[in-house]
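Trainee: Pasting a predicted model and its sequence here:
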Amino acid sequence: MKTALITGVTGQDGSYLTEFLLSKGYKVYGFVRRTSEMKRARIDPLHSNPNFKLVYGDLCDSSSILNALRKAMPDEIYNLAAQSHVKISFEIPEYTADANGVGVVRMLEAIRRVEEETGKKIRFYQASTSELYGKAVEIPQKETTSFYPRSPYGIAKLYAFWITKNYRESYGMFACNGILFNHESPRRGENFVTRKITIEVAKIKEGISKCIYLGNLDAKRDWGHAKDYIEGMWLMLQKEKPDDYVLATGENHSVREFLEEAFRVAGIPIKSNGKKGIHEEYIRTDTGEAVVKIDPSYYRPAEVDVLLGDPSKAKKELGWKPKVMFRDLVKEMIDADMKLLQKELYGSKGRR
Ligand code: NAP
Ligand code: GDD
């Protein structure tokens, strides 16, 4: 039986990865922060599995990382923990650098210590990101594309990328970077744009909200499904040699397209008033009400305009391929949020 330690286990990717590894017969240690409330919605259903255990720790606290590794003695570590919101990283840049950047070298040093103490070999996955490409110097972006991060988040992840690569080259560690493009799901955090849209569209459909306030509608992202991407993480650690890989769908869409598709799936007819920037609104054509308005407080000090990934290397070397593409992703997220809301409003049987 293999053992894995997952940081960021309570997050979107951590919860899917835990389920995936448990289904493969792994023992999984989830690395969690101490919180005032014990509820961790995404992993609460997993506690009945005897192969799933929690260890306390924080990427900003070296001793807790070392203790967690000594307790779990993992064969594989998936470092998914991070302050993962790009806009928020402009508000808490120092903390973001500490957790997302320095936190990774703390983890790598702890791995070196445990390997020295025990002779055990540990494989390490670092959650790198397409935000490294930022103001992209070429389209599509692949493993050889130069980086140009545009936020404290991206810059902290740049340090994490290079320190992971450096420890691989300096100490022969089995350390991989997965350069993952945006991936979403019904478990996506509620303040990322896709989930914000699907929650709000569901509320508008049920008549309990009138309008969504958004920022830049013209940014383009390469959006895939989190379930596909966690399988790619695992595949990277099963290779004979460690390397860095892009995971992406190879297709991109604007926030505007996501929004229009979400309303279409929900059966609400909308049309833009055709104005530019903060004056643009989307109007419900059946009622004449404004259902989308622009709130400039959601604009970022520096934006990443276009991301589009080329996953050819992962396809060729890992046999990895995304299964869920844009339209199915939007539909799954809208259906899930409609169901969740109806359960909240009308009880476990849903809408009467
Ligand atoms: P997420 O839902 O925001 O989850 C982040 C996780 O990190 C949570 O479990 C959080 O714990 C934990 N965490 C934050 N700071 C921590 C700290 N100091 N010590 C320990 N744990 C900490 O993120 P995600 O979407 O699953 O993404 C997973 C990873 O992939 C992140 O590193 C993200 O930057 C990266 N990534 C994501 C995407 C994407 O599109 N989703 C794309 C590329 C890269 P709490 O529950 O306690 O807050
Ligand atoms: N969050 C948010 N909220 N974004 C908005 C909004 C809004 O109201 N309105 C427009 N946007 C635009 C943002 O300006 C950005 O261009 C785009 O929607 C996507 O924003 P997010 O969903 O917050 O994701 P992200 O692309 O910035 O970052 C995510 O993907 C990265 C990989 O490329 C995060 O998951 C990062 O952790 C990840 O590394």
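Mentor: Received it, and whenever you're ready, just let me know what you need. Numbers count the residues shown, from 1 in each chain. Ligands and ions are numbered 1, 2, ... in the order given.

Trainee: which residue packs closest to residue 11, ignoring adjacent ones?
Mentor: Of all residues beyond its chain neighbours, the one nearest residue 11 is residue 80 (6.2 Å), with distances taken as Cβ to Cβ, 6 or more residues apart in numbering. Backbone N, C-alpha and C define where each C-beta goes, glycine included.

Trainee: And residue 157, by the same measure?
Mentor: Counting by Cβ to Cβ, 6+ apart, residue 129 is the residue found nearest to residue 157 once chain neighbours are left out, at 5.2 Å.

Trainee: what's the answer for residue 6, then?
Mentor: residue 78 (4.8 Å).

Trainee: Quick check: neighbours of the host helix or strand of the one you found in the sheet, parallel or antiparallel?
Mentor: Secondary structure from DSSP states H and E places residue 78 in strand 76-79. Based on DSSP bridges, the pairing partners of strand 76-79 within the sheet are strand 3-7 (parallel), strand 123-129 (parallel).

Trainee: Take those and write them to TSV, including mean neighbour count, mean pLDDT and distance to ligand 2.
Mentor: As requested, the strands paired with strand 76-79 are exported to TSV (neighbours: other Cβ atoms under 10 Å; pLDDT from 0 to 100; distance: least, Cβ to the nearest ligand atom, whole Å):
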stretch	mean neighbour count	mean pLDDT	distance to ligand 2
strand 3-7	26	99	14
strand 123-129	25	99	3
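
Trainee: Pipe those strands into JSON lines and attach distance to residue 149 per row.
Mentor: Below are these laid out as JSON lines (distance: least, Cβ to Cβ, whole Å):
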{"stretch": "strand 3-7", "distance to residue 149": "21"}
{"stretch": "strand 123-129", "distance to residue 149": "9"}
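
Trainee: Relative to ligand 1, which of those is closest?
Mentor: Between ligand 1 and the strands paired with strand 76-79, the shortest gap by Cβ to the nearest ligand atom is with strand 123-129, which sits at 3.4 Å.

Trainee: Put the alpha carbons of the closest one into PDB.
Mentor: These are the backbone C-alpha positions of strand 123-129, laid out as PDB (Å, rounded to 0.1, in the frame of the first residue of the first chain):
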ATOM      1  CA  ARG A 123       8.300  11.900  -4.700                       C
ATOM      2  CA  PHE A 124       7.100  15.500  -4.700                       C
ATOM      3  CA  TYR A 125       4.500  17.300  -6.800                       C
ATOM      4  CA  GLN A 126       4.400  21.100  -6.800                       C
ATOM      5  CA  ALA A 127       1.100  22.800  -7.900                       C
ATOM      6  CA  SER A 128       2.600  25.300 -10.400                       C
ATOM      7  CA  THR A 129       0.300  27.400 -12.500                       C
END
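
Trainee: ok, and does it reach over to ligand 1?
Mentor: Yes - judged by Cβ under 6 Å from any ligand atom, strand 123-129 comes into contact with ligand 1 at 127, 129.

Trainee: what's near enough to touch the closest residue to residue 133 other than its chain neighbours?
Mentor: Counting by Cβ to Cβ, 6+ apart, residue 141 is the residue found nearest to residue 133 once chain neighbours are left out, at 4.5 Å. With contact taken as Cβ atoms under 8 Å, 6 or more residues apart in numbering, residue 141 is in contact with 130, 133, 246, 307, 308, 309, 310.

Trainee: just to revisit the earlier point, ok, the strand holding residue 78 near ligand 1 or not?
Mentor: No - Strand 76-79 stays out of contact with ligand 1 when judged by Cβ under 6 Å from any ligand atom, the minimum separation being 7.4 Å.

Trainee: Which strands or helices does the helix or strand that that strand is followed by pack on?
Mentor: As assigned by DSSP H and E, the chain's next helix or strand after strand 76-79 is helix 86-91. Taking 3 or more Cβ pairs under 8 Å, 6 or more residues apart in numbering; DSSP states H and E as contact, the helices and strands that helix 86-91 lies on are helix 152-171.

Trainee: Quick one: distance of the helix it packs on to the chain centre.
Mentor: Relative to its chain's centre, helix 152-171 lies at 18 Å (Cα atoms, centre = their mean, to the nearest Å).
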